[in-house]
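>>> model this:
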Amino acid sequence: MTTDSVLVSTRVDAWRPPTIVALTVGAIAVLTYTLIDLLLPLSQGGPFQSAADAWYTGAGSAIGLSGFVVAIGIHRLQHGADGRLGGIGAWVSGICCLALAVQTGASVAVGAELQWGPIYPIATLGSVGGLVLLVVGSWRSRILPRWMLAVWPPIWLVGSFFALGPIALLLAALFVAMAIALLRRRR
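Numbers count the residues shown, from 1 in each chain. Model prediction:
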């Protein structure tokens, strides 16, 4: 192994700790989101009526930021084995997750649910579509077990954007399983 390849390998593997942290933060945010949804009354749009509204929306922002770091991190950890498809998918999903995080973060900042036209549904679909491309590109690399790759896009969709009651806990469980898989992974 040449010095250049060791430097590249070390630099790319530097994405493992932030990806594991993002998965952990995402799991905690999903758990927070679910508990607030199940236990506290939330307003239905407009100005926030209670702290629960701000915490609920803020958890959505943390989930979006986690989605960004996880998509880019998984792509970078593959050292290019996911090909062009994986790279495109990671960036599409990541940018869409970042757009969602910005929108929900702005809502928390102003204390009201902001409606930015079609950005939310477009970014939601874009994050799932990009994630599908990332998963297809990642299938060969085996950075994550194939069963995780197979369930990641549908659980991302139903566990974050269409979460009803405790179904979001599937996403938290997947994030924990992914973090454990990355912790066990050897360089």
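
>>> hang on, Gly60 packs against Leu100?
Yes - between Gly60 and Leu100 there is a contact under CB atoms under 8 Å: 7.3 Å. To be clear about C-beta, it is placed using only N, CA and C from the backbone, and glycine gets the same treatment.

>>> correct me, but Ile74 touches Ser138?
Yes - using CB under 8 Å, Ile74 is in contact with Ser138, at 6.8 Å.

>>> Comparing those two, which residue is more hemmed in?
More crowded of Ile74 and Ser138, by other CB atoms under 10 Å: Ile74, with 31 against 26.

>>> in this structure, which residue is closest to the centre?
With distances taken as CA atoms, centre = their mean, Gly67 lies nearest the centre of the chain, 1.8 Å away.

>>> Is it part of a helix or strand, or is it coil?
When classified by DSSP: H, G, I helix; E, B strand; the rest coil, Gly67 comes out as helix.

>>> which residue sits closest to it, ignoring its sequence neighbours?
Cys97 (3.4 Å; CB to CB, 6 or more residues apart in numbering).

>>> Quick check: the one you found vs Arg140, distance?
Separation of Cys97 from Arg140 (CB to CB, to the nearest Å): 24 Å.

>>> Same question for Val151.
Here Val151 is placed at a distance of 18 Å from Arg140 (CB to CB).

>>> you'd agree Val132 is up against Pro153?
Yes - with contact defined as CB under 8 Å, Val132 counts as touching Pro153 (5.0 Å).

>>> Identify each buried residue in stretch 93-110, please.
Using 16 or more other CB atoms under 10 Å as the test for burial, stretch 93-110 gives 93-105, 107-108.

>>> Quick one: mean pLDDT over it.
On average, the pLDDT along stretch 93-110 is 95.

>>> How about stretch 159-170?
Rounded mean pLDDT across stretch 159-170 is 79.

>>> show me where the protein has helices.
3-13, 16-39, 51-77, 83-110, 119-138, 146-156, 169-184 (DSSP state H).

>>> Give me the contacts around stretch 116-130.
67, 71, 88-97, 99-100, 103, 153, 156-157, 161 (CB atoms under 8 Å, 6 or more residues apart in numbering).

>>> Repeat that for stretch 45-55.
Against stretch 45-55 from outside (CB under 8 Å, 6+ apart): Thr32, Ile36, Leu40, Pro41, Leu42, Ser43, Thr57, Val108, Gly111, Ala112, Glu113.

>>> mind listing what's buried in that stretch?
Residues Phe48, Ala52, Asp53, Ala54, Trp55 are the ones in stretch 45-55 that count as buried (16+ other CB under 10 Å).

>>> Export stretch 166-176 to CSV, keeping only CA atoms.
Output of stretch 166-176 as CSV, limited to C-alpha atoms (Å, rounded to 0.1, in the frame of the first residue of the first chain):
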residue,chain,number,x,y,z
PRO,A,166,-44.9,4.4,17.0
ILE,A,167,-44.1,3.5,13.4
ALA,A,168,-41.2,6.1,13.5
LEU,A,169,-39.5,3.8,16.0
LEU,A,170,-38.6,1.5,13.0
LEU,A,171,-36.3,4.3,11.7
ALA,A,172,-34.7,4.7,15.2
ALA,A,173,-34.1,1.0,15.3
LEU,A,174,-32.6,1.0,11.8
PHE,A,175,-30.3,3.9,12.7
VAL,A,176,-29.1,2.0,15.8
